[in-house]
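**Student:** make a model of this:
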Amino acid sequence: MPILGELLSCIGLIINTYFFYELPAEVVALTESVFPAFTGGFYTVFLGIFSYISDITTTHERTYRIGIVILCSSIGHPLGIILSGIMLKWIGYYGVFLISAGLYLFSLIYGLFFLRDPEFKSRTAVSISNKSCGNFFKEIFDVNLVKETFTVLFKNGSKNRRLRVCLLLVSVFLVYGPIQGENTMMYLFFRYRFNWAELEFSCWSSYRMITHLIGTTFSISILSKNLRLDDSLLTITSSLSKIIASVDYAFAETNFGIWLAPLLEILTGTAMIAIRAIASKTVDGEEIGKMSSLFGVAEAMTPMIYGPLYSAFYIATFKVLPGAMFLLGATLTLPAICIHWWLYFEHTKDRKLEETDTNNDNLCHM
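**Tutor:** Model prediction:
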């Protein structure tokens, strides 16, 4: 559905380009936003992707596979921004929108005809395919499905399941929120503190993005896949990297200190990968989609909360200490470290219990 919405949006933009001088700018804005809004947009796309990856992978491979997805999206977004200006100059609006529409159409065809649901979902897929069109749309707008999604938070289970799920959702706000808030005010900070123009900030942002990609690749390929480091430890390492870099941002007085900071926060991008992986391993298989929905809601809410918070905080403190907002981010990240230390000890207990059960079963079969 969201890919179809993006495809319709591209078609609408092509029509708007044809009637460029006849239609007002408001029509272009509505065409670009209405279809993705009604079909879910990219939050829903990633919800489906993460749920599917969680369904078809083992618990040992899940962190690595989720990391690959986030890594690809991290590369794709800036690459699209870089290429968009070049392509607009070469092939114009029609070319850009036609290529985008073609890519969406390819994704739609691939998803419909080549991706297969996991075996345990095949019955559900058959039952859905037998429903009428009216019942299909009725199910989409069913309020009870929303209620069922939020019941995942409060569902009791073994191994402190409810507490774990709630703390994981809290850690999303604590880890993702400061990053969103700082990015909102980052350019103003550099402009005021170091008198940077757009060119310097653009070069620094590209350098920062490259270091994050290198750090994320190292974390998911070496720490997670090869060394099999616990997901909670990955989150703790990422959060510590963020806190150390925040101190550097706050008190840096020269360009060297600012160019050093991205190296200090090189592992920051790993946290959300690890948190998603922990969540998918905490709930049952049929609840992974609902858990991903809750994560999507939390990620969508963080800019609404942290954007105004950081704006107000920066305005109140920039004359005293321009980098004070980074100290705020470090302080807000500290509780996330405590949460994941507790989760790490819980995971250690789980592994010991599994080993004990396995040994007992082997003794019984001897």
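
**Student:** what sits against E346?
**Tutor:** The neighbourhood of E346, defined by CB atoms under 8 Å, 6 or more residues apart in numbering, consists of K159, N160, R164. (Glycine included, C-beta is placed from N, CA and C.)

**Student:** is the first one in a helix, a strand, or coil?
**Tutor:** Classification of K159 using DSSP: H, G, I helix; E, B strand; the rest coil returns coil.

**Student:** where does the prediction get shaky in the chain?
**Tutor:** Along the chain, the model assigns pLDDT under 70 to residues 118-143, 145, 285, 357-366.

**Student:** mind doing that once more with 50?
**Tutor:** Applying pLDDT under 50 to the chain picks out residues 121-129.

**Student:** how does it divide up, domain by domain?
**Tutor:** Split into domains by automatic domain parsing, the chain comes to 2-141, 157-361.

**Student:** so how far is the longest one off the chain centroid?
**Tutor:** Between the centre of domain 157-361 and the centre of its host chain there is 11 Å, according to CA atoms, centre = their mean, to the nearest Å.

**Student:** I figured T302 hits G177, correct?
**Tutor:** Yes: using CB atoms under 8 Å, T302 is in contact with G177, at 4.5 Å.

**Student:** one step back: make a PyMOL selection of the buried ones in the contacts of E346.
**Tutor:** Selection of buried members from the contacts of E346 for PyMOL, criterion 16 or more other CB atoms under 10 Å:
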select buried, resi 160+164
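
**Student:** what's the neighbour count on S241?
**Tutor:** S241: 21 surrounding residues under other CB atoms under 10 Å.

**Student:** mind listing the helices for the stretch 51-200 of the chain?
**Tutor:** According to DSSP state H, counting those that start in this stretch, the stretch 51-200 of the chain carries its helices in the segments 59-113, 122-129, 133-140, 143-154, 161-193, 198-218.

**Student:** so how far is F38 from T44?
**Tutor:** Distance of T44 to F38, computed by CB to CB, to the nearest Å: 11 Å.

**Student:** what does L168 give?
**Tutor:** According to CB to CB, L168 stands 30 Å off from F38.

**Student:** same question for E148.
**Tutor:** Taking CB to CB as the criterion, E148 is separated from F38 by 22 Å.

**Student:** and for I278?
**Tutor:** Counting by CB to CB - I278 and F38 are separated by 32 Å.

**Student:** looking at these two, which is more packed in?
**Tutor:** Legend: neighbour count by other CB under 10 Å for I278 and F38, higher for I278 (25 against 12).

**Student:** tell me how far that one lies from M291.
**Tutor:** Distance, I278 to M291, by CB to CB: 10 Å.

**Student:** equivalent analysis for A101, please.
**Tutor:** 32 Å.

**Student:** tell me which of those two has more neighbours.
**Tutor:** Shown here are A101 and M291; by other CB under 10 Å, M291 has more neighbours (25 against 18).

**Student:** can you pull the contacts of that one?
**Tutor:** V152, V165, A279, S280, T282, V283.

**Student:** which of the residues in the helix or strand harbouring it are buried?
**Tutor:** Assigned by DSSP states H and E, M291 belongs to helix 288-317. Along helix 288-317, these residues count as buried under the neighbour rule (16+ other CB under 10 Å): 288-299, 302, 306-307, 309-310, 313-314.

**Student:** likewise for stretch 64-82?
**Tutor:** For stretch 64-82, using 16+ other CB under 10 Å, the buried residues are Y64, R65, I66, G67, I68, V69, I70, L71, S74.

**Student:** what sits against the first one?
**Tutor:** Y64 makes contact with I220, S221, S224, K225 under the criterion CB under 8 Å, 6+ apart.

**Student:** are any of the residues you listed buried, and which?
**Tutor:** Using 16+ other CB under 10 Å as the burial test, the contacts of Y64 include I220, S224, K225 as buried.

**Student:** who are the neighbours in contact with K159?
**Tutor:** By CB under 8 Å, 6+ apart, the residues touching K159 are E346, D350.

**Student:** what's the local residue count around the closest residue in space to T317 that isn't next to it in sequence?
**Tutor:** In this structure, T317 finds its nearest non-sequential neighbour in A324, 4.0 Å apart by CB to CB, 6 or more residues apart in numbering. For A324, the tally of surrounding residues (other CB under 10 Å) stands at 16.

**Student:** isn't A324 up against F313?
**Tutor:** Yes: using CB under 8 Å, A324 is in contact with F313, at 7.2 Å.

**Student:** leaving out chain neighbours, which residue sits closest to E61?
**Tutor:** The shortest distance from E61 to any non-neighbouring residue, by CB to CB, 6+ apart, is to K225 (7.9 Å).

**Student:** the one you found and H60, how far apart?
**Tutor:** 9 Å.

**Student:** list the contacts for the closest residue to R164 other than its chain neighbours?
**Tutor:** Nearest in space to R164, with sequence neighbours left out and distances taken as CB to CB, 6+ apart, is T282 at 5.2 Å. Taking CB under 8 Å, 6+ apart, we find T282 in contact with R161, R164, V165, L168, M291.

**Student:** 7 Å instead, please
**Tutor:** R161, R164, V165, L168 (CB atoms under 7 Å, 6 or more residues apart in numbering).
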